[in-house]
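Novice: everything below, folded, please.
(2 chains)
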Amino acid sequence: MLIRYRNRKDLRPSEITPRSAYMNRRDLMAKAAGFGAGAALASGAALPLSGIPVEEAQAATLAFHKSEFSTTEPVTAREYVTSYNNYYEFGIDKGDPGQNAHTLTTSPWNVKVEGLVAKPADYALEDFVKPFALEQRIYRHRCVEGWSMVIPWVGFPLSKVLERAEPSGNAKFVAFETLMRPSEMPGQRGLFQPLEWPYVEGLRLDEAMHPLTLLAVGIYDETLPNQNGAPLRLVVPWKYGFKGIKSIVRIKLVENAPPTTWNLQNSNEYGFYSNVNPEVDHPRWSQKTERRIGEGGLLTKRRETLPFNGYADEVASLYTGMDLRKFF
Amino acid sequence: MSAQAPSLPRARAASQGGKRLAISWQVPRILVYLIGFIPAVWWFELGLTDRLGADPMKALEHALGLWALRFLVASLAITPLRQLVGINLIRYRRALGLLAFYYAVLHLTTYLVLDQGLDLAAIVADILKRLYITIGMTAFVILVPLAVTSNNLAIRRIGAPAWNRLHRWVYLAVILAVLHFLLSVKVPIEPLLYAALVAVLLGYRFLRSMLRKRGGRAPSRASLSARKG
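Specialist: Sure thing, here's the model as predicted:
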């Protein structure tokens, strides 16, 4: 399918990326264009605003189209996106992934597509990605903890992958699985392990087929840093961030709702759907407002959280007739 | 009962009488306050110079709350340290307790002003609806009378026995403070460490009072060592 190029509100990456971000990135930038095209590797440590160096082994620039689904809101500085996030395989502090994830080797990488499909396959990542045109999707990202960012993802719709696999009639859900590799993921070894591994997530098939649902291979205009879920992660912008499973190794079509990690950890607090919903609070804190990271330093004002994270027009119809308090 | 929170004259007598047994370091109390405020100055400095990372308000709020809890725990460690190890730091206990209170004030102020932007409706809703905020607020309210009466004049006015009874509320305050911490995070590894510490400090007191009830007067450290000898 041709990705339509819309000029009317699109911005060039240089217009939306803070100068500090791209100046910093120039140091890292490899010359190679296109995914996995024998990227010339640059190594170095980016220095985010927090002053904590983030280890980044390699980054390759990506070629992409722009998407009509992008928001025009100001993009969060790259330093924040890469130094402040949750990825419990690398530690429970939001600074941990940026510090620890460089130990992960993401090449070679294989992705299995299996279950109730006509064409199951075990792909090398390059083959998995190759047929699809990459596009940039600038999405709002809302964490269940009450903070948010605006992130320019690069990827392709998950629907492409599912169509290629040809789901059978009884496939109703899609189950995802993150890599399990304790030798490279410090959070998966040791005494305190807050979650069951491997991390698993799931979507209803119609959610998975929705055009907003993205498989990302990059942020800004480069391949994903490890801490953000390299080399392949899910992005579902109308759901809380933890639904966006990282470093995916398995995509399986199934008949029944698959288990999901945070729901297993605490089913009262984290539901299967986990749609962003200001009307349904987390049992312990409010979801009515959020703090947009990087917006105003210490004096950042809370902003109202929008139903479906502002994507209600696109996705609310998926849930008509459902009691969203019950199916939170 | 006076062993845990002796009135002032007796505290002096005890520390003088116990000098043979107890190690007692003497530094000016003002130094405890000065050192105690270093973390606050440090964190505010980081905040003002934009070095608190992506979510600076949260980092500041969390750090101030954590230091309040740390000083509260430190103040509760004074008595067991003296009774079990013979290190007598009782003259600094008031400073530690007050530091805990001052950090609690800073923590609460950060929440009210920077986190909630003084949105009274949101704050009231939070306090009433969010269990961990209700609990945190309750802990703070308990600390207020304790802080107000942490001076010699108040002890004289109230009288030592009543003052001691009043200040036992700190046990409830610290339990609530740990609960507040536990309930505020997704995965409570750090809060559980503090919960364990508080359980030990309060458990020790409980055991000691149980033993005392059973055996009349609990053996003091002096009498224990005398018995051994």
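
Novice: so what's A:Ser274 up against?
Specialist: Contact analysis of A:Ser274 by Cβ atoms under 8 Å, 6 or more residues apart in numbering or on different chains lists A:Val144, A:Lys239, A:Tyr240, A:Phe242, A:Lys243, A:Trp262, A:Phe328. In short, each C-beta sits where N, CA and C put it, glycine included.

Novice: what's the burial count for the first one?
Specialist: I take that to be A:Val144. For A:Val144, the tally of surrounding residues (other Cβ atoms under 10 Å in any protein chain shown) stands at 20.

Novice: which element is it on?
Specialist: Remark: A:Val144 resides in no helix or strand, with elements defined by DSSP states H and E.

Novice: could you measure from it over to chain B?
Specialist: Distance from A:Val144 to chain B, counting by Cβ to the nearest Cβ, to the nearest Å: 8 Å.

Novice: isn't that residue up against A:Phe242?
Specialist: Yes - distance between A:Val144 and A:Phe242: 6.0 Å, which falls inside the contact criterion (Cβ atoms under 8 Å).

Novice: tell me, what's touching the two both at once?
Specialist: Here A:Val144 and A:Phe242 share the contacting residues A:Tyr270, A:Ser274, scored by Cβ under 8 Å, 6+ apart.

Novice: ok, and for the helix or strand where B:Arg165 lies, which residues are buried?
Specialist: Under the criterion of DSSP H and E, B:Arg165 resides in helix B:160-167. Neighbour counts using 16 or more other Cβ atoms under 10 Å in any protein chain shown place B:Ala160, B:Trp163, B:Asn164, B:His167 of helix B:160-167 among the buried residues.

Novice: biggest separation within the residues you listed, which pair?
Specialist: By the measure Cβ to Cβ, the buried residues of helix B:160-167 have their two most distant members at B:Ala160 and B:His167, which lie 10.4 Å apart.

Novice: where along chain B do the helices fall?
Specialist: Per DSSP state H, chain B carries helices over the ranges B:8-17, B:29-36, B:38-48, B:56-80, B:93-109, B:120-129, B:131-148, B:152-158, B:160-167, B:169-184, B:189-214, B:221-228.

Novice: indicate whether the fifth one makes contact with chain A.
Specialist: Right, helix B:93-109. No - using Cβ under 8 Å from any Cβ of the partner chain, helix B:93-109 never reaches chain A; the gap is at least 12.6 Å.

Novice: distance between that helix and the chain's centre?
Specialist: Once both centres are worked out by Cα atoms, centre = their mean, to the nearest Å, helix B:93-109 turns out to sit 8 Å from its chain's centre.

Novice: quick one: buried residues of that helix?
Specialist: With burial defined by 16+ other Cβ under 10 Å, the residues of helix B:93-109 counted as buried are B:93-108.

Novice: any idea how far B:Gly86 is from A:Gly190?
Specialist: Distance from B:Gly86 to A:Gly190, counting by Cβ to Cβ, to the nearest Å: 37 Å.

Novice: now swap in A:Arg250 and tell me
Specialist: 24 Å.

Novice: for B:Arg29, same thing?
Specialist: Relative to A:Gly190, and taking Cβ to Cβ, B:Arg29 is found at 42 Å.

Novice: looking at these two, which is more packed in?
Specialist: Taking other Cβ under 10 Å, B:Arg29 and A:Gly190 do not tie; B:Arg29 has more neighbours (12 against 8).

Novice: quick revisit: hmm, which two among the contacts of A:Ser274 are most spread apart?
Specialist: Taking Cβ to Cβ, the two most distant members of these are A:Phe242 and A:Phe328; they sit 13.4 Å apart.

Novice: mind checking which helix or strand of chain B has the lowest mean pLDDT?
Specialist: Every helix and strand of chain B was ranked by mean pLDDT, DSSP states H and E. The lowest is helix B:8-17, at a mean of 44.

Novice: what about stretch A:304-313, near chain B?
Specialist: No - using Cβ under 8 Å from any Cβ, we find that stretch A:304-313 stays clear of chain B, coming within 11.3 Å at best.

Novice: buried residues in that stretch?
Specialist: Counting neighbours by 16+ other Cβ under 10 Å, one finds that the buried residues in stretch A:304-313 are A:Thr305, A:Leu306, A:Pro307, A:Phe308, A:Asn309, A:Gly310, A:Tyr311, A:Ala312.

Novice: point to the residue nearest the middle of chain B.
Specialist: Geometric centre of chain B, nearest residue: B:Leu72, 1.7 Å, by Cα atoms, centre = their mean.

Novice: per-residue pLDDT, the residue lying closest to it once chain neighbours are set aside?
Specialist: Excluding its sequence neighbours, the residue lying closest to B:Leu72 (Cβ to Cβ, 6 or more residues apart in numbering or on different chains) is B:Ala100, at 4.1 Å. What the model reports as pLDDT for B:Ala100 is 98.

Novice: so B:Ala100 sits against B:Leu64, correct?
Specialist: No - the pair B:Ala100 and B:Leu64 fails to qualify as a contact (Cβ under 8 Å) at a distance of 11.1 Å.

Novice: report the contact partners of the residue nearest the centre of chain A.
Specialist: Taking Cα atoms, centre = their mean as the criterion, A:Val235 is the residue nearest the geometric centre of chain A, at 3.9 Å. Going by Cβ under 8 Å, 6+ apart, A:Val235 touches A:Arg137, A:Tyr139, A:His141, A:Trp153, A:Gly155, A:Thr213, A:Leu214, A:Leu215, A:Ala216, A:Gly244.

Novice: widest-spaced pair of the residues you listed?
Specialist: Farthest pair in the contacts of A:Val235 (Cβ to Cβ) is A:His141 and A:Leu215. Separation: 15.4 Å.
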